[in-house]
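just a sequence and a predicted model for now, questions to come.
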Amino acid sequence: MDKDLKEFEENAELLKALAHPVRLCIVKGLISKGYCNVSYMEDCLGVSQPTISQHLARLKSAGIVKGIRKGNEINYELVNEKVEQLIKILYCEVSE
């Protein structure tokens, strides 16, 4: 076994950040759409804006998404390639 647990700890933190149905849905949606704002997510998910913002904060702190301000609007996009690959595998969207 590998005694250097740093990589395992980092991967475990990514998995913890993804371990909620709303966060999985947000990340999967960002993969397919590219980017979107909280209002769009609210319409798609049927979840309140404060709830979505809390989930986005968790994803941002884990380095999975980032927000890009455009005027008064913030669009979010996926920035973690490892998570993108993981979600594609999880939802059988891997191209052969």
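That came through, no problem. Residues are numbered from 1 along each chain as shown.

need phi/psi at Glu77.
With angles defined as degrees, to the nearest 10, Glu77 sits at phi -140, psi 150.

all helices for the chain, in order.
Remark: helices assigned in the chain by DSSP state H are 6-18, 21-33, 38-45, 49-61, 81-90.

switch those over to CSV; also include mean neighbour count.
For the C-beta atoms, the positions are set from N, CA and C on the backbone; glycine is no exception. Converted to CSV, the helices of the chain look like this (neighbours: other Cβ atoms under 10 Å):
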stretch, mean neighbour count
helix 6-18, 13
helix 21-33, 17
helix 38-45, 16
helix 49-61, 16
helix 81-90, 14
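
and of the ones you listed, who's closest to Asn75?
Proximity to Asn75 (Cβ to Cβ) singles out helix 38-45 among these, at 8.9 Å.

now the angle between helix 49-61 and the closest one, please.
110 degrees (axes from the mean of the first three to the mean of the last three Cα atoms, to 10 degrees).

on that earlier part again, of the helices of the chain, which is nearest Gly67?
Closest approach to Gly67 among the helices of the chain (Cβ to Cβ): helix 49-61, 6.9 Å.

relative to helix 21-33, how tilted is that closest one?
Helix 49-61 runs at 70 degrees relative to helix 21-33, counting by the same axes, to 10 degrees.

and for helix 49-61, what are the contacting residues?
Here helix 49-61 makes contact (Cβ atoms under 8 Å, 6 or more residues apart in numbering) with 17, 20, 22-23, 26-27, 38-39, 41-42, 45, 65-67, 76.

could you rerun that using 6 Å?
If you take Cβ atoms under 6 Å, 6 or more residues apart in numbering as the criterion, helix 49-61 is touched by Ala17, Val22, Arg23, Val38, Met41, Glu42, Val65.

not counting its neighbours along the chain, what's nearest the second one?
Translated: Val22. His55 (5.2 Å; Cβ to Cβ, 6 or more residues apart in numbering).
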